[in-house]
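A.B. asks: Need coordinates for the following:
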Amino acid sequence: MKAELRQLVTRLANLVARGVIRQTDDARKVQVVQVEVGEGEVREVQRVQEYGFTSHPPAGGEAVVVFVGGRRDHGLTVATDDGRYRPTGLEAGEVAVYTDQGDRVIIERGGTVRVTASAKVVLEAPLVELAGSADAVALASKVLTELAALKAAVSAAPVVPGDGGAAFKAALLAALASWPGSVASAKVKAE
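C.D. replies: Numbering: from 1, shown residues only. You can find the predicted model right below:
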């Protein structure tokens, strides 16, 4: 009876562990995380994530691992965190998505969504709709219309041979070519 009780106590003690992420394998359908859960005890465990949300936690972050049945050979990472990069000072009810490079999307109280990008923001879609106040819609519509007009004017502009204008025109058209889908199909409306 003592041996069985000792085995039960050991399995209960082994149910949950806190550890440090050593590396993450994101190439599989289910992510595998290598976690150090004790001095010299490193386990490769599957990381369970919420449907529709995924991330690739960096080495050095923390993980909570649940060992099914208290068996150390069958673990699941159920939560990860990394206080080095987590935005702090959010108000109750606010939500943030963030990276270790300082990129953030914060849904703030009062209806503001704040996007911070260290390099750029890319929207990939065949149609982009901007909806909001009449002033914001008018400004966005004017910008899109003027970009389309600029592209048309540059395309139609004559080039004088030998003045270097051909190279400039080609460069400007190439720059504007990165916009054609959004300029041609952007839809701006006030609701």
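
A.B. asks: from here on, contacts and neighbour counts on C-alpha atoms
C.D. replies: Will do.

A.B. asks: Please compute how far the longest strand seen in the chain lies from its chain's middle.
C.D. replies: For the chain, the longest strand by residue count, based on DSSP state E, is strand 16-25. Chain-centre distance of strand 16-25: 21 Å, with Cα atoms, centre = their mean, to the nearest Å.

A.B. asks: Adjacent strands (with direction) for it?
C.D. replies: strand 32-38 (antiparallel), strand 62-67 (antiparallel) (DSSP bridges).

A.B. asks: what stretches of the chain score poorly on pLDDT?
C.D. replies: 130, 132, 159-165, 167-169, 171-172, 174-191 (pLDDT under 70).

A.B. asks: what about the helices in it?
C.D. replies: 2-13, 134-156, 165-177, 180-185 (DSSP state H).

A.B. asks: need those in a markdown table with distance to residue 68 and mean neighbour count, can you?
C.D. replies: As requested, those are arranged in a markdown table below (distance: least, Cα to Cα, whole Å; neighbours: other Cα atoms under 10 Å):
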| stretch | distance to residue 68 | mean neighbour count |
| --- | --- | --- |
| helix 2-13 | 9 | 12 |
| helix 134-156 | 54 | 15 |
| helix 165-177 | 55 | 14 |
| helix 180-185 | 50 | 16 |
